[in-house]
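Undergrad: Sequence plus the predicted model coming up.
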Amino acid sequence: MPDANQLLHLVPKAEAKQSMKDFKSDQEVRWCPGCGDYAVLAAVQGFMPELGLAKENIVFVSGIGCSSRFPYYMNTYGMHSIHGRAPAIATGLASSRRDLSVWVVTGDGDALSIGGNHLIHALRRNVNLKILLFNNRIYGLTKGQYSPTSEVGKITKSTPMGSLDAPFNPVSLAIGAEASFVARTIDSDRKHLTSVLRAAADHPGTALVEIYQNCNIFNDGAFEALKDKERAQDAVIRLEHGQPIRFGVDNGKGVVRDPATGDLRVVAVTEENESRILVHDAHNPSPTTAFALSRLADTDTLHQTPIGVLRDVERPVYDTLMAEQLDTAVEQNGKGDLATLLAGNDTWTVVG
Amino acid sequence: MTSQVSSPAEQADEASEALVGGQRAPRSDHAGDGEKEIRRLDRVIIRFAGDSGDGMQLTGDRFTSETASFGNDLSTLPNFPAEIRAPAGTLPGVSSFQLHFADHDILTPGDAPNVLVAMNPAALKANIGDVPRGAEIIVNTDEFTKRPMAKVGYATSPLEDGSLDGYQVHPVPLTTLTIEALKEFGLSRKEAERSKNMFALGLLSWMYHRPTEGTEAFLRAKFAKKPQIAEANVTAFRAGWNFGETTEDFAVSYEVAPASQAFPAGTYRNISGNLALSYGLIAASRQADLPLYLGSYPITPASDILHELSKHKHFGVRTFQAEDEIAGIGAALGAAFGGSLAVTTTSGPGVALKSETIGLAVSLELPLIVVDIQRGGPSTGLPTKTEQADLLQAMYGRNGEAPVPVVAPRTPADCFDAALDAARIALTYRTPVFLLSDGYLANGSEPWKIPETDELPDLRVRFATGPNHELADGTEVFWPYKRDPLTLARPWAVPGTPGLEHRIGGIEKQDGSGNISYDPANHDLMVRTRQAKIDGVEVPDLRVDDPSGARTLVLGWGSTYGPITAAVRRLRAADEPIAQAHLRNLNPFPGNLGDVLKQYDKVIVPEMNLGQLATLVRAKYLVDARSFNQVNGMPFKAEQLATALKEAIDA
């Protein structure tokens, strides 16, 4: 892995030192008081100066949903588009303008329901996009229907007897869709959130960051198990590249590979098994272990939820390949000449 | 097709069916012994028909190329099934290619073939209904055996039972002769048989004195990696030619002189609608000095544009084959936001899927060209057949008040100019624009006078570079929705421009500032302003061709131009006055359209739909426009249209 995303060098740097204020637009933020989106917005606005890019070369593209209002509050270029289509629109922008840093802001309904197709194809192509997926496990803007990440049996306005759908695990989905970078973080953990944003920005290609985000109106406390200090110790598995995967009180639990099945499981760490505790390798070309890690979480209780960068591997970036084909075509054929093109090979002349 | 509506050639042209294949003054080449007779014709309609796998489209294309380089005017009609390989020898599997060529200017691929080449019984059965008595039919007798005939319901051989008595039938064992000609090549029977279309092409090339060098060069280039196959095809092609030259069954060959009078001086090539449209987009990109970005999803009959544009990356053309129709237009819109000349290409079903994004483009007010190569609908409909039934979808197929300009080319070559015009409107007014072509234009071809590139329109645009508004406190700001007072277009500020950072979206925005606004009066203003912008798009006045003060006007749009004009010529040749006008701009209509319509007692609107343009003009101008409609997947025939127009005049 290179130290930093080489593609970032294509984006002009800010000339002067930036502050968080530079990234705040003049628009009044209109999320519900107490919404987790505020924390994410603050974290992103706080992180941007650290990135140091010219803000006119930063674009936020969103779809529809509460989180998709995000671009209005960023003093960068932005587009609030239509439901589910942000990855497609951003693909056109990023693949035609490599001098831009393009960010997609989306939600669980926007990205995984109506826009599921665009999400998986952006990941497969590895377009240079940073996708922030705000997952609150509910439809907020339409006032409380179950979403594709809601747990089975969830009682909502549209599921008075409980939802029947098995939920998506967005991280598993992204890894299955050939994502080169997949991370998960939590709205309330500013420090962790910022560290994940940094890693995503440094990644050449599509980065998917799932952000657990509390909807205090329609699904309050959905991630409480991960936020409550006591319970979080057993619920959250903090992944750090190169570190043994341990969690729980006094790091008493660890993840080992079951030699019989190859699957991962959680064990109480002992002196005998300590050497078998898995060391997290985000850069492993094979997605198998990252996928297995993503499956440790219980979708109902969120018990044993890994957070951090699950996968960060380098593979060819779509926009780069597209630009290279254009360069190659010019090398091979010279710059296109319109008159030659229009004339073709088979002409005849009529003399007046 | 090269003519203006009132061509000087009109008396002679498609004035009546009887003239088809009419003879010019006889030449004296009819020498005595051993010399074959050569007759001169003014025009000929040939139809090649065979199984989907017989290579009829290629055969037609080659004959067309030779005919074009010879200097005839021409018009073509490829007609093929949606299945790639329908079951061999069946009626649904028949593929055909009709070519009309002449020594003067012509407008359509012709109503009825003078010559039918039928490669098998299915091809004969599927096409004989269109062939008038007296026409020549060349059949591949090798295929007229019991099973292939039974497959299409011939109980007895039509070659022997007298059912073709009224025709000049040439029975030729094409397969046998081809295999015989290629026996030196050591090919399997099956491989050798494949060249039978080239044998047929050789024979027809002899019959009509077509040049042959182009086809031989084409075959050698096409099979460059398989020189043996290339030579086999060239040999079959020559064998076909020689067969015509030597066999007694073909006693006469025909000459159709170059249409030198029909063409203004210049350099010409043959071009299909989809190719002309692709070139128009590349030319627009150059004239606008903006990179071309195509977001598309494969769909018949539009995919050729995706294929073509993807070949021209050295023009800076980016082509993105998306995961679906929605992503195709989404990517294009994203590229438009970034400052590209953005295009999406599709057909009717794709337009339906793109509707929401077109609405977003209307709201964002970004330039975007939406190319709809119309095909038969609804739903999957007739993927490979033509229709004009997406007009109202283009006009109104979106939620809310979402006006979009509509431009429709009239001939294959006109697709080039129409693409430039669509780009002009999109870039000048910052709006999505519909370019409505159809399957007939897309696949049909005609000679095209290659334009001088320095005479193409200047389409350059100015991006916003600085603040455009002063707030009350004197602060200079950028307002993304502060409009140009002349065009009502908003500024195009592309990312990367310092100081102009702004946010746009599909939510209603405040006039000027572009900030989210739910204010009722502002919404009313914005809806009316967006409409006014499109209503104000500059389009040229409608030209009416009315040489003799007619009382009836025939009004058309799009690909019906050829058949309507041919029908009008027929009527005028029979001293029946009729006026003709053809719309290129369907939204907004030309400013004089209302006045034009009111000058005539009767207005007839022929369309390949159930009366969509007629509905629009009736609603907008309160005129009693009458429809003449055909939705059978095929273009109008000139004769049938002339009859319908005559009935309308007399009614």
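TA: Noted; the coordinates are in hand. Numbers count the residues shown, from 1 in each chain, chains lettered A, B, ... in the order given.
Undergrad: Tell me which residues touch residue A:192, please.
TA: By CB atoms under 8 Å, 6 or more residues apart in numbering or on different chains, residue A:192 lies in contact with A:185, A:186, A:238, A:307, A:308. (Each C-beta comes from the backbone N, C-alpha and C, glycine too.)
Undergrad: how about it, phi and psi?
TA: The phi and psi values for residue A:192, taken as degrees, to the nearest 10, are phi -70, psi -40.
Undergrad: Specify the beta-bridge partners of the residue nearest the centre of chain A.
TA: Nearest to the mean C-alpha position of chain A, by CA atoms, centre = their mean, lies residue A:208 at 2.1 Å. Note on residue A:208: beta-bridge partners residue A:131, residue A:182, judged by DSSP bridges.
Undergrad: For chain B, see how far away it is.
TA: 16 Å (CB to the nearest CB, to the nearest Å).
Undergrad: my guess is that residue meets residue A:131, correct?
TA: Yes - the criterion here is CB atoms under 8 Å, and residue A:208 meets it with residue A:131 at 4.9 Å.
Undergrad: list residues touching both of these two?
TA: The contact lists of residue A:208 and residue A:131 share residue A:119, where a contact means CB under 8 Å, 6+ apart.
Undergrad: what sits against residue 117?
TA: You didn't pick a chain, so chain A it is. B:323, B:324, B:327.
Undergrad: my bad, the chain I had in mind was chain B
TA: B:46, B:47, B:48, B:49, B:50, B:138, B:200, B:204.
Undergrad: Show me these that map onto strands.
TA: Judged by DSSP state E, those include B:46, B:47, B:48, B:49, B:50, B:138 as members of strands.
Undergrad: give me every residue that touches the closest residue to the fifth one other than its chain neighbours.
TA: For residue B:50, the nearest residue in space outside its immediate sequence neighbours is residue B:119; the separation is 3.1 Å by CB to CB, 6 or more residues apart in numbering or on different chains. Under the criterion of CB under 8 Å, 6+ apart, the contact partners of residue B:119 comprise B:48, B:49, B:50, B:51, B:54, B:56, B:140, B:143, B:174, B:196, B:197, B:200.
Undergrad: Would you point out which residue of the stretch 251-352 of chain A is nearest chain B?
TA: residue A:352 (2.9 Å; CB to the nearest CB).
Undergrad: burial of the closest residue in space to that residue that isn't next to it in sequence, as a residue count?
TA: Closest residue in space to residue A:352, ignoring its immediate chain neighbours: residue B:265 at 2.9 Å, by CB to CB, 6+ apart. Counted with other CB atoms under 10 Å in any protein chain shown, residues neighbouring residue B:265 total 10.
Undergrad: Hmm, residue B:265 is touching residue A:348, no?
TA: No - applying CB under 8 Å as the test, residue B:265 and residue A:348 come out as separate, 11.8 Å apart.
Undergrad: Touching both of these two, which residues are there?
TA: By CB under 8 Å, 6+ apart, no residue touches both residue B:265 and residue A:348.
Undergrad: Kindly reformat the ones in strands among the contacts of residue B:117 as a markdown table containing pLDDT.
TA: A markdown table is the format used below for the ones in strands among the contacts of residue B:117 (pLDDT from 0 to 100):
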| residue | pLDDT |
| --- | --- |
| B:46 | 97 |
| B:47 | 97 |
| B:48 | 97 |
| B:49 | 97 |
| B:50 | 96 |
| B:138 | 97 |
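Undergrad: What is the most widely separated pair among the residues you listed?
TA: B:46 and B:50 (13.3 Å; CB to CB).
Undergrad: Neighbour count: these two, which is higher?
TA: Each of residue B:46 and residue B:50 has its neighbours counted (other CB under 10 Å); residue B:50 has more, 27 against 24.
Undergrad: quick one, strands of chain A?
TA: A:58-62, A:77-80, A:101-107, A:129-135, A:181-186, A:207-212, A:236-238, A:246-247, A:253-257, A:264-268, A:305-312, A:347-350.
Undergrad: Does residue B:295 touch residue B:327 like I think?
TA: Yes - contact criterion CB under 8 Å: residue B:295 and residue B:327 qualify, at 7.1 Å.
Undergrad: With neighbour numbers in mind, choose between those two.
TA: Counted by other CB under 10 Å, residue B:295 and residue B:327 do not tie: residue B:295 has more neighbours, with 36 against 32.
Undergrad: Select the longest helix from chain B.
TA: helix B:227-246 (DSSP state H).
Undergrad: Neighbouring strands of the very next helix or strand once past that one in the sheet, and parallel or not?
TA: Counting by DSSP states H and E, the element after helix B:227-246 in chain order, helix or strand, is strand B:252-256. Its sheet considered, strand B:252-256 pairs with strand B:37-41 (parallel) by DSSP bridges.
Undergrad: ok, residues contacting stretch B:81-90?
TA: B:51-53, B:92-95, B:120-122, B:143, B:148, B:151-152, B:300, B:382-384.
Undergrad: what's the spacing between it and its chain's center?
TA: 23 Å (CA atoms, centre = their mean, to the nearest Å).
Undergrad: Find the closest residue to chain A in the stretch 351-500 of chain B.
TA: Counting by CB to the nearest CB, the stretch 351-500 of chain B gets nearest chain A through residue B:495, at 4.1 Å.
Undergrad: Which residue is the nearest non-sequential neighbour of that residue?
TA: With CB to CB, 6+ apart, the residue lying closest to residue B:495 is residue A:77, at 4.1 Å.
Undergrad: about what we covered before: for the residue nearest to residue A:352, which residues are in contact?
TA: Residue B:265 neighbours (CB under 8 Å, 6+ apart): A:350, A:351, A:352.
Undergrad: Drop anything exposed from the residues you listed.
TA: residue A:350 (16 or more other CB atoms under 10 Å in any protein chain shown).
Undergrad: just the contacts of residue B:265: which has the poorest pLDDT?
TA: Across the set of the contacts of residue B:265, residue A:352 stands lowest in pLDDT, at 70.
Undergrad: right, and it touches residue B:263 too?
TA: No - Residue A:352 lies out of contact with residue B:263 (CB under 8 Å); the separation is 9.2 Å.
Undergrad: Any residues of the stretch 501-650 of chain B in contact with chain A? List them.
TA: B:501, B:502, B:503, B:504, B:505, B:506, B:507, B:515, B:516 (CB under 8 Å from any CB of the partner chain).
Undergrad: between these, which is nearest residue B:612?
TA: residue B:506 (27.8 Å).
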